[in-house]
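Asker: With the sequence up front, the predicted model follows.
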Amino acid sequence: MTIRIFSLLILICFFSCKKIEIPVNKFVGVWYDTEYIVPGRHLLKINKDSTFSYKGAGCDWRVISKGKWKLVGDSIELNSTSSDTCYRMFPYTRCIKFGETRRKDTLTIPNCNPNQNADFLIFSKERFYLKNDSLVYEFKASSNCSGYDTLKRVYARTAKIKKTY
């Protein structure tokens, strides 16, 4: 009799245990740019440990960044961390108008001599949101871009296919 009761209690315990599901963060993963106008490639890697890395390259330029992210509502906010290597720094988005001269270089280490073939992108409270299967960035007014409210930068989980002409 006691064996039956004990077996019944164990059976009830097994059925009453619920598996705790850890929510999947849909932002985590590797994101590729979808832009075809400028020859280049950009890769944004969002890690589970609340860090990210960014790499971009074109014909004669390279950009990198690293930092931390946090969820803000239904968006993800990226903020760069400092670099211990000498780079020129640029904001993630800043439109330079035709004929505008470049401002004085801002460096990751004051008075250093950047001899790297790359620049450091500064992500400062840059927010992205998911739309269907894409990661979308909306430009801010501070980006100095005309029509900033209609501009978007879009990333996808698959790399773009190079067009041949």
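Answerer: Ah, there it is.

Asker: mind listing the strands for this structure?
Answerer: Along the chain, counting by DSSP state E, strands occupy 29-33, 40-46, 51-58, 62-72, 75-80, 88-91, 106-107, 119-122, 126-131, 134-138, 152-156.

Asker: Which one of those lies nearest to Asn113?
Answerer: Ranking these by proximity to Asn113 (Cβ to Cβ) places strand 106-107 first, at 8.8 Å. Any C-beta I mention is one placed from the backbone N, CA and C, and that applies to glycine too.

Asker: quick revisit: give me whichever of the strands of the chain is most buried.
Answerer: strand 119-122 (a mean of 21; mean count of other Cβ atoms under 10 Å).

Asker: tell me the mean pLDDT over that strand?
Answerer: For strand 119-122, mean pLDDT rounds to 91.

Asker: if we can go back for a sec, please tabulate the strands of the chain in CSV, including the columns distance to Arg4.
Answerer: CSV is the format used below for these (distance: least, Cβ to Cβ, whole Å):
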stretch, distance to Arg4
strand 29-33, 51
strand 40-46, 53
strand 51-58, 54
strand 62-72, 50
strand 75-80, 54
strand 88-91, 71
strand 106-107, 77
strand 119-122, 68
strand 126-131, 53
strand 134-138, 57
strand 152-156, 59
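
Asker: nearest to Thr2, of these?
Answerer: Of all the strands of the chain, strand 62-72 sits nearest to Thr2, with 51.4 Å by Cβ to Cβ.

Asker: and the closest one, which strands flank it?
Answerer: Strands adjacent to strand 62-72 in the sheet, as given by DSSP bridges, are strand 51-58 (antiparallel), strand 75-80 (antiparallel), strand 119-122 (parallel).

Asker: In CSV, list the ones you listed along with distance to Asp105.
Answerer: Converted to CSV, those look like this (distance: least, Cβ to Cβ, whole Å):
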stretch, distance to Asp105
strand 51-58, 18
strand 75-80, 17
strand 119-122, 9
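
Asker: hang on, Ile109 packs against Met89?
Answerer: No: judged on Cβ atoms under 8 Å, Ile109 makes no contact with Met89 at a distance of 10.2 Å.
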